[in-house]
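Enquirer: coords please:
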Amino acid sequence: MKKTELQGKKVLVFGSGISGIGAVKLLETVQADVVLYDGNESLKKEEIRAKLPKESKCEIVLGELKQELIDSLNLVVMSPGVPLDIEPVERLKAAGLPIWGEVELAYCMGDGTVLAITGTNGKTTTTALLGEIIKAYADSVFVVGNIGNAYTGAASSMKEESYTVAEISSFQLETIHSFHPKVSAILNITEDHLNRHHTMEEYIRVKELIASNQTKDDFCILNYEDEELRKFAPKCPATVVFFSSVQKLEEGIFLDGENIVWKSKTEEFVFARTDELKLLGRHNHENVMAASAMAYCAGVPKETIRKVIMRFTAVPHRIEFVEEINGVAYYNDSKGTNPDAAIKGIQAMNRPTLLIGGGYDKQSSYEEWIQAFDGKVKQLVLIGQTREKIEKTAHECGFFNTILAENLEEAVKICAEKAEAGDAVLLSPACASWGQFDNYEQRGDKFKEYVRAML
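Expert: Numbering: from 1, shown residues only. The predicted structure is shown next:
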């Protein structure tokens, strides 16, 4: 179903958040008959209506999803935050309705070349960097998806010559059908979102969907150091290009000492040296390799890629330097929303570190994170729903320097009191922010606010 076929069709948009509102606006541009539904009956229709254009004819339905409404529909567009196994969604599926997500809708409505990135960690940095590279190469560029700009909000502005750089989450990949990037990347796959996907096998399957509509004329960039992705490579329908921060590859992009090397059957050259980059840590060098490989496969000249990767600085909330106060360096890694991402945060530290962790429980296990402290962490200050669970795990792993704090503000104060000149204080929670904060950005902004209040 392309945009020309959506006119006059009755479409249910499920979820009234940013993605849902974006979907309604986009559907109404092609004169679809839109119903915005949210199961939360305590929401106020007039507040939702205020987020829509004045001329919107969208019907708003809250609470119960009636069968007669289901029977009148042609299509359902899901917001990524809504699980697909809840009762109202099961009823929509049982009615035989096509279930799209925000990404599928935006892809069908937009034009141009799509470059798409997924993975458990590193997505935002890689997407932001690739976006900057493509902006240096092309005039019409949209950086969208999980990075904070709704894909649906940009789709109607996309032209044939446009490039879309999209950060795509596993939640969004569950509901794609025709989504077909020219170049895709899976940066890594580690345990995350098991409260949504239930098993690691299902999480891996969903991540691999990013390449499901690609052909050998397209490219998929994969992390050679990830065992699951090495297993996926022979099954991948696209032409696979590996990146590696450990191995010198026969073909692909890899670290050779300080050099980031591209090697193919026909050429070999150095993109840049890691000591020329402003991004710290091996995980960031992997992000640079992935973005560079994607851009090069999309036809961007190597000189353009080199210029951008050398000037690019870290994105907010990802090992972001905040301030140095009394000789103590404060870093905001609020984007470290799972144990594997938080391990990268610890590995990037080159000082004795007081670590703030804890938050919403996504049913992750924390042993590997604790074991990665590797003598660097002096004190672990814990907040949120998972604080007792993490403390118990830390003690079982032989790490006993733990303190439970009531909230983030108190955690910052505790760290400031205990830190000595030459130490670092790192917010890298290994957990989602929900429950205490709306999102990881709000958590990171609050951390920066509490730190700067001590100046």
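Enquirer: report the longest helix in the chain, please.
Expert: Counting residues, the longest helix found in the chain (DSSP state H) is helix 282-297.
Enquirer: Could you list the buried residues of the helix or strand just after it?
Expert: Next along the chain after helix 282-297, taking DSSP states H and E as the criterion, comes helix 302-311. Within helix 302-311, the residues scored as buried using 16 or more other CB atoms under 10 Å are 302, 305, 306, 308, 309. In this view, the C-beta of every residue, glycine as well, is placed from N, C-alpha and C.
Enquirer: Next: stretch 82-92.
Expert: For stretch 82-92, burial by neighbour count (16+ other CB under 10 Å) applies to 82, 84, 88, 89, 92.
Enquirer: and the helix or strand hosting the fourth one, what does it pack onto?
Expert: Okay, so that is residue 89. Residue 89 is located in helix 87-94, with elements delineated by DSSP H and E. Here helix 87-94 touches strand 10-14, helix 67-71, strand 99-101, going by 3 or more CB pairs under 8 Å, 6 or more residues apart in numbering; DSSP states H and E.
Enquirer: what are the pairing partners of the first one, and which direction each?
Expert: Read it as strand 10-14. If you go by DSSP bridges, strand 10-14 pairs up with strand 33-38 (parallel), strand 75-78 (parallel).
Enquirer: that older thread, now tabulate the helices and strands packed on helix 87-94 in a markdown table and tack on mean pLDDT.
Expert: Formatted as a markdown table, the helices and strands packed on helix 87-94 follow (pLDDT from 0 to 100):
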| stretch | mean pLDDT |
| --- | --- |
| strand 10-14 | 96 |
| helix 67-71 | 96 |
| strand 99-101 | 92 |
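Enquirer: Of the ones you listed, give the one that comes closest to residue 119.
Expert: Proximity to residue 119 (CB to CB) singles out strand 99-101 among those, at 17.9 Å.
Enquirer: can you state the direction angle for the helix or strand just after the closest one and strand 10-14?
Expert: Next helix or strand after strand 99-101 toward the C-terminus (DSSP H and E): helix 102-109. Using axes from the mean of the first three to the mean of the last three CA atoms, to 10 degrees, the direction of helix 102-109 lies 140 degrees away from that of strand 10-14.
Enquirer: which residues are contacting the helix or strand just after helix 102-109?
Expert: Note on helix 102-109: by DSSP H and E, the next helix or strand toward the C-terminus is strand 113-118. If you take CB atoms under 8 Å, 6 or more residues apart in numbering as the criterion, strand 113-118 is touched by 107, 123, 126-127, 130, 134, 145, 162-170, 173, 179-187, 207, 210, 290, 294, 298.
Enquirer: Strand 113-118 pairs with which strands?
Expert: Partners of strand 113-118 in its sheet, by DSSP bridges: strand 163-167 (parallel), strand 183-186 (parallel).
Enquirer: Adding mean pLDDT and mean neighbour count as columns, could you present those strands in CSV?
Expert: Output for those, formatted as CSV (pLDDT from 0 to 100; neighbours: other CB atoms under 10 Å):
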stretch, mean pLDDT, mean neighbour count
strand 163-167, 96, 27
strand 183-186, 98, 28
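Enquirer: okay but residue 214 is in contact with residue 238, surely?
Expert: Yes - with contact defined as CB atoms under 8 Å, residue 214 reaches residue 238; the gap is 3.8 Å.
Enquirer: before we move on, the earlier item: let me have the strands paired with strand 10-14 in JSON lines, adding mean neighbour count and distance to residue 391 as columns.
Expert: JSON lines is the format used below for the strands paired with strand 10-14 (neighbours: other CB atoms under 10 Å; distance: least, CB to CB, whole Å):
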{"stretch": "strand 33-38", "mean neighbour count": "22", "distance to residue 391": "37"}
{"stretch": "strand 75-78", "mean neighbour count": "24", "distance to residue 391": "37"}
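Enquirer: Make CSV out of those and add mean pLDDT and distance to residue 441.
Expert: Below are the strands paired with strand 10-14 laid out as CSV (pLDDT from 0 to 100; distance: least, CB to CB, whole Å):
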stretch, mean pLDDT, distance to residue 441
strand 33-38, 96, 23
strand 75-78, 94, 23
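Enquirer: mind putting those in a markdown table, distance to residue 281 included?
Expert: Formatted as a markdown table, the strands paired with strand 10-14 follow (distance: least, CB to CB, whole Å):
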| stretch | distance to residue 281 |
| --- | --- |
| strand 33-38 | 40 |
| strand 75-78 | 35 |
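Enquirer: For residue 57, find the nearest of the ones you listed.
Expert: Across these, residue 57 has its closest neighbour in strand 33-38 (7.7 Å, CB to CB).
Enquirer: and that closest one, how far from the chain's centre?
Expert: Put simply, strand 33-38 sits 27 Å off its chain's centre (CA atoms, centre = their mean, to the nearest Å).
Enquirer: contact partners of it?
Expert: Counting by CB under 8 Å, 6+ apart, 8-16, 20-21, 24, 27-28, 48, 52, 57-62, 65, 69, 73 sit against strand 33-38.
Enquirer: Mean confidence (pLDDT) on the helix or strand following it, please.
Expert: Helices and strands here follow DSSP H and E; after strand 33-38, the next one along the chain is helix 45-49. Averaged across helix 45-49, the pLDDT comes to 93.
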